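Enquirer: Here is my input; please provide its structure:
(2 chains)
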Amino acid sequence: MSHDLIVLGLLVLFSLALGALLLAIPRLLGARSSQKGLLDIFECGVPLRDGTQRRMQVRFYLIAIIFIVFDVEAVFLFPWAVLFRRLGMFGFIEMLFFIAVLALGLVYVWRKGGLEWD
Amino acid sequence: MNQTTLTLLIDAGKIAVILGCTMGAVAYTTFAERRFAAFMQNRIGPNRAGPWGLLQPLADGFKFMFKEDFVPEFADRFLYRLAPIVAFVPALLLVGVLPFGPDLVIGSQVIPLQIADPNFGVLYFLAIASFGVYGVIMAGWGSNNKYSIAGGLRASAMMISYEVSMGLAVVGLIMMAGTVHMSTIVGQQDGFFGWFIWKQPLGFLIFVVTTFAETHRVPFDLPEAEQELVGGYNTEYGSMQLGLFQMGEYAHLITASALMVALYLGGWQFPGLNLLENSPILYALAGLTVMAVKVFFIIFVFIWVRWTIPRFRYDQLMRLGWKVLLPLALLNILVTALVILI
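Expert: Okay, the predicted model is just below:
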């Protein structure tokens, strides 16, 4: 168990080193230029309009909140799934209530139009 | 040299070899994608660098290395620099729990062909895979370009939407297997009809669709829809920083395919393979080959789909994720529970 963690830590070190190495290479070998336009914001050849800090749809925020609810649900489902056979009928009925409450939540969001993008 | 040091050395060697193989696979997946694309569109594709163009990935790598490394002056320097690393490293970390073959026995030394086999294997994969969102959103915000921000927001909303269904699809499989221990799950899939795809067909389908979204593959490549968003979240990037994003994406594709094979398609197991069990080295090599062939087949399917199905619209994508896949995943859990109990 702890050995696995040590090895995974080693993997993290190796991967970080690989990423850092790859990023360091163009710093040494890469071209140097002071071309005008290189530092401009990308815009297909026309002057920039509307700026960059624009308003974004609030739906992205809504999706993030709904995601948290359902991801927490998944967190509770994983241990239940591992022990499912041992818990038997009792565990099934308990989880049925849990899923039913969340499904109700999904139906509510759905009916309220929280999942519409038009 | 005592046993602990030897094991650690072997582990370090394994990590180096597996990371090397992954990077090689990444390079040649880009090549395969371009050649298959050309084939499907009746073109020739890259065929000039080396025999049949086989050195093309190397040429691409060198091109990345000799490009200017720069930070646009309007960008958030810290996030802009950090984002490629955050996109690249977790994709590589995913190889940590993948089982590539049966134990390799050399003399008295037993070497599992897997970097680590913790008892939280599947959870580790799902957790690390969801780190990809951070790289995307950091790149989008840090670039301070409207296309990047739009691409980053779209990508993160899409990835978190499909992540829920992916986790719930795997729950059905975990109920069947009764464990999240990777090598045990592969060990349970003995014989062709022991593969979990037959016991979890709906779960497999949901898993495949969500994997397409998680790896930003067509038909879910909205984050980089070039007709609307230029390059999406990596518009402002160049040089090796752009390279890291792309390598990370392909590494994620490869590891996700390997996870799909390990969970649903029997991993390195194949009917008749256990005839070789008496000669451990041959057995390990055969297992590795089977795994590689299966993973390559899945990658081929990803490429094939890319040139077959057009991109979805964003509202269609969200509707599919929340109104179809999520209820189906919940249904899959209930049906699996009933099947196990009865």
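Enquirer: For chain B, give me its nearest residue in chain A.
Expert: Nearest to chain B in chain A, going by C-beta to the nearest C-beta, is A:Trp117, at a distance of 3.5 Å. C-betas here are computed from N, CA, C, even on glycine.
Enquirer: Count the residues that sit near that residue.
Expert: 15 (other C-beta atoms under 10 Å in any protein chain shown).
Enquirer: these two touch, right, it and B:Arg319?
Expert: Yes - in this structure A:Trp117 lies within contact range of B:Arg319 using C-beta atoms under 8 Å: 7.3 Å.
Enquirer: Now do the SS call for the residue of chain A closest to chain B.
Expert: Following DSSP: H, G, I helix; E, B strand; the rest coil, we place A:Trp117 in the coil state.
Enquirer: out of everything not next to it in sequence, what's closest to it?
Expert: Nearest residue to A:Trp117 in three dimensions, chain neighbours excluded: B:Asp315, at 3.5 Å (C-beta to C-beta, 6 or more residues apart in numbering or on different chains).
Enquirer: Can you list the buried residues in the strand or helix carrying that neighbour?
Expert: Assigned by DSSP states H and E, B:Asp315 falls within helix B:314-319. The neighbour-count check on helix B:314-319 (16 or more other C-beta atoms under 10 Å in any protein chain shown) flags B:Leu317, B:Met318, B:Arg319 as buried.
Enquirer: same question, stretch A:18-32
Expert: A:Leu18, A:Gly19, A:Leu22, A:Leu23, A:Ile25, A:Pro26, A:Gly30.
Enquirer: Without its sequence neighbours, what residue ends up closest to the fifth one?
Expert: In this case it means A:Ile25. Nearest to A:Ile25 is B:Met65, by C-beta to C-beta, 6+ apart, at 4.8 Å.
Enquirer: my read: that neighbour touches A:Leu29, true?
Expert: Yes - using C-beta under 8 Å, B:Met65 is in contact with A:Leu29, at 5.3 Å.
Enquirer: does B:Gln269 sit in a helix, a strand or a coil?
Expert: Once three-state DSSP is applied, B:Gln269 turns out coil.
Enquirer: Quick check, pLDDT for the residue nearest to it when sequence neighbours are not counted.
Expert: Using C-beta to C-beta, 6+ apart and skipping the chain neighbours, the partner closest in space to B:Gln269 is B:Gln189 (5.6 Å). We have a pLDDT of 84 for B:Gln189.
Enquirer: Over to A:Pro47?
Expert: 66.
Enquirer: again, but for the one 5 residues further on
Expert: At A:Thr52, the model reports a pLDDT of 66.
Enquirer: still on that earlier bit, can you give the distance of the helix holding B:Asp315 from its chain's centre?
Expert: 23 Å (C-alpha atoms, centre = their mean, to the nearest Å).
Enquirer: cool, and stretch B:135-149?
Expert: 23 Å.
Enquirer: what's stretch B:72-85 in contact with?
Expert: A:16, A:19-20, A:23, A:38-41, A:52, B:71, B:135-136, B:138-139, B:141-145, B:236-237, B:240-242, B:244-245, B:248 (C-beta atoms under 8 Å, 6 or more residues apart in numbering or on different chains).
Enquirer: just the CA coordinates of it, formatted as PDB?
Expert: The C-alpha trace of stretch B:72-85 is given here as PDB (Å, rounded to 0.1, in the frame of the first residue of the first chain):
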ATOM      1  CA  PRO B  72       2.100  37.600 -24.900                       C
ATOM      2  CA  GLU B  73       2.300  40.800 -22.900                       C
ATOM      3  CA  PHE B  74      -1.400  41.000 -22.300                       C
ATOM      4  CA  ALA B  75      -1.500  37.400 -20.800                       C
ATOM      5  CA  ASP B  76      -1.500  36.500 -17.100                       C
ATOM      6  CA  ARG B  77       2.200  35.300 -17.100                       C
ATOM      7  CA  PHE B  78       1.800  32.900 -14.200                       C
ATOM      8  CA  LEU B  79      -1.300  31.000 -15.400                       C
ATOM      9  CA  TYR B  80      -0.100  31.100 -19.000                       C
ATOM     10  CA  ARG B  81       3.200  29.400 -18.100                       C
ATOM     11  CA  LEU B  82       1.600  26.900 -15.700                       C
ATOM     12  CA  ALA B  83      -1.300  25.800 -17.900                       C
ATOM     13  CA  PRO B  84       0.700  23.500 -20.300                       C
ATOM     14  CA  ILE B  85       2.300  21.700 -17.400                       C
END
